[in-house]
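Asks: My questions are about this predicted structure, shown below with the sequence.
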Amino acid sequence: MKILHLADLHLGKILQEQSFLEDQKYMLNKIIEKIKEENIETILISGDIYDRSIPPTEAVDLLDEFLNVLIRELKRKVFIIAGNHDSASRLETPIPLLEEMNIQIRGTVRKRADGTIDTEELIIELKDRSGKPQGWCLAVPYLRQGDYPAVESEGDPYQAGVKAMYDKLVACVEERRQKQEAIIAMGHLQAAGSQISEGDQSERLIIGGLEGIPSSVFPSQITYGALGHIHREQQIANRNEIRYAGSPLPMSFAEENYRHGVILLEIDKGILLNQTKIIFNPLVTLLR
């Protein structure tokens with residue numbers, strides 16, 4: 001099964017009073033070409049779909065065009081989570097219609113009547129084109145205060161809560177997954193030790209004062225961790241399978257030397273066979 005991991009599209013971005021929309025349309029068309037060329041079945045978009053919570057109409061239209069090609073023309077499946085730049089409720093508005101079209105969006109963490117987290121809403125079965133189960137996707141959006149389990153901890157309560165969230169989701173999946181089924185964990189967060197540019201304010205720490213989430217929050221059973229928020233493609237610490245795709249385009253002049261693109265995954269019988277970075281040359285380069 002081939003899966004494409006991308007993140008941080010930031011549709012509607014404006015830099016130095018210049019709109020990125022034409023560049024972003026060019027980039028999305030390049031992604032569509034690669035999906036066709038590689039016969040990719042599933043697309044993961046790990047947050048920051050838009051550059052701001054109330055995106056311009058042109059940015060919304062651009063996303064609609066992109067998803068329409070993926071779903072109606074190419075018959076692919078798409079999994080989307082909200083990032084810290086997105087309005088979670090705005091992303092989720094068309095969910096009933098989108099789910100009929102094989103688009104799964106998770107913007108918020110829903111609670112049950114008793115106040116506990118509805119973990120079932122964040123667990124989605126992964127199937128190949130023939131409908132055969134290939135694994136499970138943990139579609140965890142950007143976690144705001146109160147979105148994660150409350151855990152008594154001597155350390156940072158946010159880190160402990162994020163770890164408890166992924167532990168609980170993996171435990172739920174372990175009860176139902178068959179042998180040779182993969183676990184793909186999505187997330188939008190700041191990882192400890194991740195490389196960011198000193199001059200890039202868009203990648204600053206999301207929650208004030210935190211040094212980042214350690215790789216240990218992700219259980220060892222996870223086949224691949226598809227992360228968003230950091231614009232430089234990289235793995236987390238010593239976990240080669242937990243990775244930022246990076247943004248497909250540079251979002252600031254601080255990123256002019258990044259090699260932007262997306263990640264192609266190949267998974268077979270629950271095993272991650274390959275991770276390939278696909279680099280896209282932008283329509284317009286950054287010069288100063």
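Replies: Cool, the structure landed.
Asks: How far does stretch 101-112 stretch from one end to the other?
Replies: 26 Å (C-alpha to C-alpha, to the nearest Å).
Asks: Sort out which residues of that stretch are buried, please.
Replies: Going by neighbour count (16 or more other C-beta atoms under 10 Å), the buried part of stretch 101-112 is 101-109. C-beta here means a position set from N, CA and C on the backbone, and glycine is covered the same way.
Asks: Same question for stretch 27-34.
Replies: Buried, per 16+ other C-beta under 10 Å, within stretch 27-34: 27-28, 30-32, 34.
Asks: Can you redo the residues you listed as TSV, where the extra columns are secondary structure?
Replies: What follows is those, written out as TSV (DSSP: H, G, I helix; E, B strand; the rest coil):
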residue	secondary structure
27	helix
28	helix
30	helix
31	helix
32	helix
34	helix
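Asks: Go through those residues and say which is closest to residue 2.
Replies: Nearest to residue 2 among the buried residues of stretch 27-34 is residue 34, at 10.5 Å by C-beta to C-beta.
Asks: need the contact list for the closest one.
Replies: Listed by C-beta atoms under 8 Å, 6 or more residues apart in numbering, the contact partners of residue 34 are 4, 40, 262, 264, 278.
Asks: want to throw those into a markdown table with distance to residue 191, secondary structure and neighbour count?
Replies: Output for these, formatted as a markdown table (distance: C-beta to C-beta, whole Å; DSSP: H, G, I helix; E, B strand; the rest coil; neighbours: other C-beta atoms under 10 Å):
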| residue | distance to residue 191 | secondary structure | neighbour count |
| --- | --- | --- | --- |
| 4 | 21 | strand | 23 |
| 40 | 25 | coil | 21 |
| 262 | 19 | strand | 27 |
| 264 | 21 | strand | 19 |
| 278 | 22 | strand | 17 |
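Asks: Show me which of these is closest to residue 93.
Replies: Ranked by distance to residue 93 (C-beta to C-beta), these are led by residue 4 at 24.7 Å.
Asks: ok, the closest one - contacts?
Replies: 31, 34-35, 38, 40, 42-44, 262-265.
Asks: at 7 Å what do you get?
Replies: Applying C-beta atoms under 7 Å, 6 or more residues apart in numbering, we find residue 4 in contact with 35, 40, 43-44, 262, 264.
Asks: if we take those residues, which one ends up nearest to residue 285?
Replies: residue 262 (18.5 Å).
Asks: Name the nearest residue to that closest one, ignoring sequence neighbours.
Replies: Excluding the flanking residues, the one nearest residue 262 by C-beta to C-beta, 6 or more residues apart in numbering is residue 6, at 4.3 Å.
Asks: again, but for residue 45
Replies: residue 80 (4.6 Å).
Asks: So that neighbour sits against residue 92, correct?
Replies: No - here residue 80 does not reach residue 92: they are 9.7 Å apart, not a contact under C-beta atoms under 7 Å.
Asks: Which of those two has more residues huddled nearby?
Replies: Neighbours were counted for residue 80 and for residue 92 using other C-beta atoms under 10 Å; residue 80 has more, 25 against 19.
Asks: and that one, which of the three is it?
Replies: Per three-state DSSP, residue 80 ends up strand.
Asks: residues in contact with it?
Replies: Going by C-beta under 7 Å, 6+ apart, residue 80 touches 45, 49, 103-105.
Asks: Can you tell me which of the residues you listed end up in strands?
Replies: In this view, these that belong to strands under DSSP state E are 45, 103-105.
Asks: any idea how far residue 92 lies from residue 121?
Replies: 11 Å (C-beta to C-beta, to the nearest Å).
Asks: sorry, that was for residue 188
Replies: Using C-beta to C-beta, residue 188 is found at 16 Å from residue 121.
Asks: So for these two, which sits in the more crowded spot?
Replies: residue 188 (25 against 14).
Asks: which non-adjacent residue is nearest that one?
Replies: Using C-beta to C-beta, 6+ apart and skipping the chain neighbours, the partner closest in space to residue 188 is residue 47 (3.4 Å).
Asks: what number of residues lie near the one you found?
Replies: Residues lying near residue 47 (other C-beta under 10 Å) number 28.
Asks: So it sits against residue 83, correct?
Replies: Yes - here residue 47 reaches residue 83: they are 2.7 Å apart, a contact under C-beta under 7 Å.
Asks: Find the residues that touch each one of these two.
Replies: 142, 188, 228-229.
Asks: give me every residue that touches residue 24.
Replies: Shown in contact with residue 24 (C-beta under 7 Å, 6+ apart): 9, 11, 62, 249.
Asks: which stretch of helix or strand covers the third one?
Replies: Residue 62 belongs to helix 57-68 when assigned by DSSP states H and E.
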